[in-house]
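Engineer: Sequence first, then the predicted structure, then my questions.
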Amino acid sequence: MKKGKVCIVGAGPGDWELISVKGFNRIKEADVILYDFLASKELLNFTKKGAQLICVGKADGIHLLEQDEINLLLFKKAKEGNLVVRLKGGDPFVFSRGIEEALYLKRKGVDFEIVQGITCAFGAPESFGIPLTRRGEVSSVAVLTGRKSNGRPIDAPDCDTLVYLMAVSNIKKVVTAILKSGRPKATPCAFIERGTAKEERSVAGNLGNIISKARSHALRAPSVFIVGNVVEYGKKIYGHKFK
């Protein structure tokens, strides 16, 4: 029996062409692929004949499989001698369960590798011309979650640029935390929905009006929320893409 292996692959932020060459090659070689909702479905067009494709996606209110079930499925498929690709949107170690899967496979003695991907925290802003840093002007950036469990407070550190993932449904608490940290209501900010994908769109504003703008435009996940003066550069570079 051939030796099984799991490749935890980051598919990138939305545009399928943004996957790495290594990740693309693993998809073409795979016997089994477990993929998420956020991984571009176009990548599945490049699988080899006979490859088994299993959707294990998660979204608000939807869990096709719980994480423990996904872990067990990875283990079983690898132990059958398959090359298994765990295809995840963005980067598998940035606000993702990739670390849990890697630790589980390590404990179970399964051979695995991690193939990095472009996180939406970086890819989405750049698709709208928003730089997260600028030499001599913007020297720090924080990537944060916009949703925490057990009622824990949202973080709003003293960085030039803040990038929040999973903030759409919790935008009021996120903005409240940022304002409480001392930033003025006039601080530029923007939401980017499905960044780099064909359906991408962005809504820009400031901390004083972004809540009402997000609601009026019916923004939905997956979206990235960027806070800081860097948003103004996006308007200069790709102003026609903003609402």
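Structural biologist: Alright, I've got the coordinates. Numbers count the residues shown, from 1 in each chain.

Engineer: where does this protein have low pLDDT?
Structural biologist: 1-2, 59-63 (pLDDT under 70).

Engineer: domain ranges for it?
Structural biologist: 5-115, 120-241 (automatic domain parsing).

Engineer: List the residues that contact residue 127.
Structural biologist: Counting by Cβ atoms under 8 Å, 6 or more residues apart in numbering, residue 127 touches 13, 15, 192, 195-196, 200. Where C-beta positions appear, they are placed from N, C-alpha and C, glycine not excepted.

Engineer: Mind checking which of the residues you listed are in strands?
Structural biologist: Judged by DSSP state E, strands contain the following of those: residue 192.

Engineer: Pick the one among the contacts of residue 127 closest to residue 105.
Structural biologist: residue 13 (24.8 Å; Cβ to Cβ).

Engineer: Shouldn't residue 121 be within a helix?
Structural biologist: Yes: Residue 121: assigned to a helix according to DSSP: H, G, I helix; E, B strand; the rest coil.

Engineer: surely it meets residue 224?
Structural biologist: Yes: the pair residue 121 and residue 224 qualifies as a contact (Cβ atoms under 8 Å) at a distance of 6.2 Å.

Engineer: what touches both of the two?
Structural biologist: 163, 165.

Engineer: Neighbour count: the two, which is higher?
Structural biologist: Between residue 121 and residue 224, counted using other Cβ atoms under 10 Å, the more crowded position is residue 224 (31 against 23).

Engineer: Which strand residues bridge the more buried one?
Structural biologist: Taking DSSP bridges as the rule, residue 224 bridges to residue 165, residue 192.

Engineer: How much space separates it from residue 209?
Structural biologist: 18 Å (Cβ to Cβ, to the nearest Å).

Engineer: What ranges does this structure have for its strands?
Structural biologist: Using DSSP E, strands in the chain cover 5-10, 32-35, 52-55, 58-59, 62-63, 83-88, 112-115, 141-145, 161-165, 188-193, 201-206, 223-227.

Engineer: closest to residue 22 out of those strands?
Structural biologist: strand 112-115 (5.2 Å).

Engineer: thinking again about what came up before, as a markdown table, the strands of the chain with distance to residue 155 would be great.
Structural biologist: Below are these laid out as a markdown table (distance: least, Cβ to Cβ, whole Å):
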| stretch | distance to residue 155 |
| --- | --- |
| strand 5-10 | 24 |
| strand 32-35 | 30 |
| strand 52-55 | 32 |
| strand 58-59 | 23 |
| strand 62-63 | 26 |
| strand 83-88 | 23 |
| strand 112-115 | 26 |
| strand 141-145 | 5 |
| strand 161-165 | 9 |
| strand 188-193 | 16 |
| strand 201-206 | 20 |
| strand 223-227 | 12 |
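
Engineer: and of these, who's closest to residue 72?
Structural biologist: Checked against Cβ to Cβ, the stretch from those lying closest is strand 32-35, at 11.3 Å.
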